[in-house]
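Participant: using only what follows, build the 3D model:
(2 chains)
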Amino acid sequence: MAKEMNGAEMVVQALMDQGVEVIFGYPGGAVLPIYDAIFQQEKIRHILVRHEQGAVHAAEGYARSTGKVGCVLVTSGPGATNAVTGLTDALMDSIPIVCLTGQVPTHLIGNDAFQECDTVGITRPCTKHNYLVKNVNDLSRVLHEAFYVAANGRPGPVVVDIPKDVQFATGAYAGPKNVQHKTYRPKLKGDIEKIKAAVELLAGAKRPVIYSGGGVINSGREAGHLLRELVALTGFPITSTLMGLGAFPAANPQWLGMLGMHGTYEANMTMHGCDVMLCVGARFDDRITGRLDAFSPGSKRIHIDIDPSSINKNVKVDIGIVGDCGHVLEDIIRLWRSSGAQVDKKALGAWWGQIDKWRARNSLAYRPSNEVIKPQYAIQRLYEATRDRDCYITTEVGQHQMWAAQFFRFEEPNRWMTSGGLGTMGYGLPAAVGVQLAHPKSLVIDIAGEASVLMTMQEMSTAVQYRLPIKIFILNNQYMGMVRQWQELLHGGRYSESYSHALPDFVKLAEAYHAVGIRCEKPGDLDRAIKEMIDVDKPVIFDCVVDQNENCFPMIPGGRAHNEMILGDSAGPEDMHVSDEGKIMV
Amino acid sequence: MLMKNEPTERHTLAVLVDNEPGVLARVIGLFSGRGYNIDSLTVSETEHEKHLSRITIVTTGTPMVIEQIRNQLERLVPVHRVVDLTVHGATIERELAMVKVRGRGDHRVEALRLADAFRARVIDATTESFVFEITGRSDKIDQFVGLMLPLGLVEVSRTGVVAIGRGPEGMQGRAEGSAGLGS
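Facilitator: Next up, the predicted model:
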């Protein structure tokens, strides 16, 4: 027997039935009935952010660090448009989000009413799916469908736009058990014939590499275990995208580090020289491949992805397996064992010999200093101080993000939250809020740049209000560092608008938010200051003043191939030359 | 980069979708957002009880792009099935056009004579004009319209291409691989 209730109560009931514990949001005229329903219950905790973009990023942090769906509630018009950056970010990085937006009452839709916007029109290209609910009797079904669509297949954000009159209207509530999407059934198991062919190809490889991505993390813990098992079983080298860090432990000797534009020399050279590549849950993004027509020229490629549109999109593959990473890895391992597949030990030994030579190049090396804090050194010290703790890292976007990816070492999945696809400056602080809410006892650090973090600095208020002791570790070089680096490389050192004039005093800024501010300028003071930051049970802004001129290396400049990397310690002016074709790449 | 020099091909896709608000916007937005071509697009409800509409899209692109288009369409949540009719070989394509021609004397007689040769029907007439209805392949309609041009062509309204596979199999039986199970 379906229960009768009003639309606002249905929203709260549906969230409870979906197991939602936390929702990030900001009230407004068009969602007042839902806020009233939230007020009258105690199961769902509402976290008041300071800007709707922050709500979505916080929900992303929550989702990435737990594997659950992140939930957002915002009002119509500006509430919805402010959420658009976060939704696009979640779409690009495949993060499951359900975002509820208020809408003007149905009879006013299309009349340019106050705080009206075409939310489903605006969010159509930046969500996995969206709904406008015009009848209260559809509401509970749509809400449960939204959670199903967000979490299943390739995860992504789903918007449910709910006009205010629908929130007041009374209708029948249907529980989640009776709701299944009419047609949407993502395929989890891979085609067994293709998996057989893949196993055969892998077993015959002389110079193999495994290249994994965020899909392994989205697939769940089991996929990570299976990836480890496959790597152990085969003895193959493994590298990962930015999004995939942590799926495979960095301490394992078969780990080559991250690949791509700022990846390690050994990872990129291995990709370039391999004869068989197994891509697991990654999508051959332009940051990964470099120049496409020179990408891994001699290799046969196997690609596992739950999204068929990722296969053969940028790079032609020989075997494309549509399915969930965990399911397909399980089948690969099973078939590998049952077929008695043996790797070519001699060839693999020679391949590892070559890889070790590349490794010996020590591509992440930088010139140390006793005078100024090198940003790489700061991350290394931060890593050393936190490696034995239960620690989660978020980042903003830019040089600090790449240094964090290079120098912080992750042993487990779901510990690393960064805006990979969209590259959203301002992601890290609100994401840290979401992570800390999900893991109240853990150490949550946003490795930040001073320019990025100012984009969503207002969320410090949120952190303070809910007593979330997040640590904002700012590598402050007073530049938009990655912009400055590209201007140095491509635009003759004309640093157009990339210097941050009139930065705030971050210590005073922290104090103004009733948080703790720490400033560190000398390498010798760093360890003590980091310890102080960790020991404070309050939100901290750590202003780490670093070398202004440091560039992020190694680097594959636009329009170049994996074997044409620029290495930091040997880079001369001739290495910096970038072709006209390369310059147009972002 | 890779596909720069590959030749392009013309493909006709049949797309079965839920007839719900916004579904056409999703399909069109996908094409404009990802830079795919639409040469022709037609849509209408085909199964009223099931709320299903069928969209026929004619597009051009390299084989890799065509595969992308199919996969991206399948990824849309309200899309049930996508069939690339061109890769299934035998396909019938038809288009309907209404062609208005104005003229007197010899031109009028010639227009009527040509219409007869093309099996176009007169569906409206005045003493100085005709509206012809013509059905056929797009190139046949192009040819007819071309012939009407010097005879006093006023305007043309065309439906765009609709297509169906030959033989006993329906669209459901033709789906390749995991069609309809997009992520």
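
Participant: only C-alpha atoms for contact and neighbour calcs from this point on.
Facilitator: Will do.

Participant: A:Trp336 contacts A:Ala198, correct?
Facilitator: No: in this structure, A:Trp336 is not within contact of A:Ala198 by Cα atoms under 8 Å, at 9.7 Å.

Participant: next up, phi/psi of A:Lys445, please.
Facilitator: You called it Lys, but residue A:445 is Ile. phi -120, psi 130 (degrees, to the nearest 10).

Participant: what sits against it?
Facilitator: Neighbouring residues of A:Ile445 by Cα atoms under 8 Å, 6 or more residues apart in numbering or on different chains: A:391-394, A:432, A:470-473.

Participant: could you do A:Gly323 as well?
Facilitator: A:187-190, A:304-307.

Participant: for A:Val142, grab the count of nearby residues.
Facilitator: 21 (other Cα atoms under 10 Å in any protein chain shown).

Participant: pLDDT score for it?
Facilitator: Per-residue pLDDT puts A:Val142 at 97.

Participant: SS state for it?
Facilitator: Put simply, A:Val142 is helix when judged by DSSP: H, G, I helix; E, B strand; the rest coil.

Participant: ok, it to chain B distance?
Facilitator: Using Cα to the nearest Cα, to the nearest Å, A:Val142 is found at 13 Å from chain B.

Participant: ok, that residue touching A:Asn130?
Facilitator: No: look at A:Val142 against A:Asn130 with Cα under 8 Å: they stay out of range, at 9.6 Å.

Participant: need the overlap of contacts for these two.
Facilitator: With Cα under 8 Å, 6+ apart as the test, A:Val142 and A:Asn130 both reach A:Val160.

Participant: out of the contacts of A:Ile445, who's the most crowded?
Facilitator: A:Ala432 (35 neighbours).

Participant: shouldn't that one be in contact with A:Gly61?
Facilitator: Yes: in terms of Cα under 8 Å, A:Ala432 counts as a neighbour of A:Gly61; the distance is 6.3 Å.

Participant: chain B versus A:Val12, what's the distance?
Facilitator: Applying Cα to the nearest Cα to A:Val12 and chain B gives a distance of 25 Å.

Participant: where does the stretch 151-300 of chain A have low pLDDT?
Facilitator: Applying pLDDT under 70 to the stretch 151-300 of chain A flags residues A:178.

Participant: repeat the analysis, applying 80 as the threshold.
Facilitator: Along the stretch 151-300 of chain A, segments meeting pLDDT under 80 span A:178-180, A:182.

Participant: and for the residue nearest to A:Asp390 when sequence neighbours are not counted, the neighbour number?
Facilitator: Nearest residue to A:Asp390, sequence neighbours excluded (Cα to Cα, 6 or more residues apart in numbering or on different chains): A:Ser442, at 5.4 Å. Neighbour count for A:Ser442, taken as other Cα under 10 Å: 16.

Participant: same check, this time on A:Gly420
Facilitator: So A:Gly420, with other Cα under 10 Å, has 19 neighbours.

Participant: dihedrals phi and psi, B:Val17?
Facilitator: According to degrees, to the nearest 10, the main-chain angles of B:Val17 amount to phi -130, psi 160.

Participant: that one contacts B:Leu76, doesn't it?
Facilitator: No: contact between B:Val17 and B:Leu76 fails when scored by Cα under 8 Å: they sit 9.3 Å apart.

Participant: tell me which residues touch the residue at the greatest distance from the centre of chain B, please.
Facilitator: Here the centre of chain B is the reference, and by Cα atoms, centre = their mean the most remote residue is B:Gly105, at 35.3 Å. Shown in contact with B:Gly105 (Cα under 8 Å, 6+ apart): no residues.

Participant: ok, it to chain A distance?
Facilitator: From B:Gly105 across to chain A, the span is 52 Å (Cα to the nearest Cα).

Participant: also B:Asp124?
Facilitator: 38 Å.

Participant: and B:Tyr36, that one's in a strand?
Facilitator: No: per three-state DSSP, B:Tyr36 lies outside any strand segment and is coil.

Participant: check which helix or strand covers the closest residue to A:Met92 other than its chain neighbours.
Facilitator: Once flanking residues are discounted, A:Met92 sits nearest to A:Gly421: 5.0 Å by Cα to Cα, 6+ apart. Taking DSSP states H and E as the definition, one finds A:Gly421 inside no helix or strand.

Participant: right, and A:Gly421 touches A:Asp93 too?
Facilitator: Yes: here A:Gly421 reaches A:Asp93: they are 5.7 Å apart, a contact under Cα under 8 Å.

Participant: these two: which has the busier surroundings?
Facilitator: It is A:Asp93, of A:Gly421 and A:Asp93, that has more neighbours when counted by other Cα under 10 Å, with 25 against 17.

Participant: so what's the more buried one up against?
Facilitator: Contacts of A:Asp93 by Cα under 8 Å, 6+ apart are A:156, A:214, A:243, A:419-422.

Participant: please tell me how far it sits from A:Leu226.
Facilitator: Applying Cα to Cα, to the nearest Å, the value for A:Asp93 to A:Leu226 is 22 Å.

Participant: helices of the stretch 301-450 of chain A, residue ranges please.
Facilitator: With helices called from DSSP state H, counting those that start in this stretch, the stretch 301-450 of chain A shows them at A:325-338, A:345-360, A:375-386, A:399-407, A:428-438, A:450-454.

Participant: which elements pack onto the longest one?
Facilitator: What that stands for is helix A:345-360. Applying 3 or more Cα pairs under 8 Å, 6 or more residues apart in numbering or on different chains; DSSP states H and E, one finds that helix A:345-360 contacts helix A:265-273.

Participant: which outside residues touch the helix it packs on?
Facilitator: A:207, A:209, A:239, A:256-260, A:277, A:295-299, A:355-356, A:358-359, A:361-363, A:554, A:562-563, A:565.

Participant: please pick the buried ones from the residues you listed.
Facilitator: Buried members of those, counted by 16 or more other Cα atoms under 10 Å in any protein chain shown: A:207, A:209, A:239, A:256-260, A:277, A:295-296, A:299, A:355, A:358-359, A:363, A:554, A:562-563, A:565.

Participant: in helices only, show me those.
Facilitator: A:355, A:358-359 (DSSP state H).

Participant: how about TSV for those residues, with pLDDT added?
Facilitator: TSV is the format used below for those (pLDDT from 0 to 100):
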residue	pLDDT
A:Ile355	98
A:Trp358	97
A:Arg359	97
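
Participant: any regions of chain A where pLDDT drops low?
Facilitator: Checking chain A against pLDDT under 80 turns up A:1-2, A:178-180, A:182, A:569-583, A:585-586.

Participant: around chain B, which positions in it sit nearby?
Facilitator: A:124-125, A:128-129, A:153-154, A:183-187, A:292-293, A:306-309, A:312-313 (Cα under 8 Å from any Cα of the partner chain).

Participant: if we can go back for a sec, list the contacts for the residue nearest to A:Met92?
Facilitator: Counting by Cα under 8 Å, 6+ apart, the residues that A:Gly421 touches are A:89, A:92-93.

Participant: hmm, back to that, which one of the contacts of A:Ile445 is nearest to chain B?
Facilitator: A:Thr394 (27.4 Å; Cα to the nearest Cα).

Participant: name whatever forms a beta bridge with that closest one.
Facilitator: A:Met417, A:Asp446 (DSSP bridges).

Participant: double-check it against A:Met425; I have them as touching.
Facilitator: No: look at A:Thr394 against A:Met425 with Cα under 8 Å: they stay out of range, at 11.8 Å.

Participant: what sits against the residue nearest in space to the middle of chain B?
Facilitator: Closest residue to the average C-alpha location of chain B: B:Val161 at 1.8 Å, with Cα atoms, centre = their mean. Taking Cα under 8 Å, 6+ apart as the criterion, B:Val161 is in contact with B:40-42, B:56-58, B:93-95, B:138.
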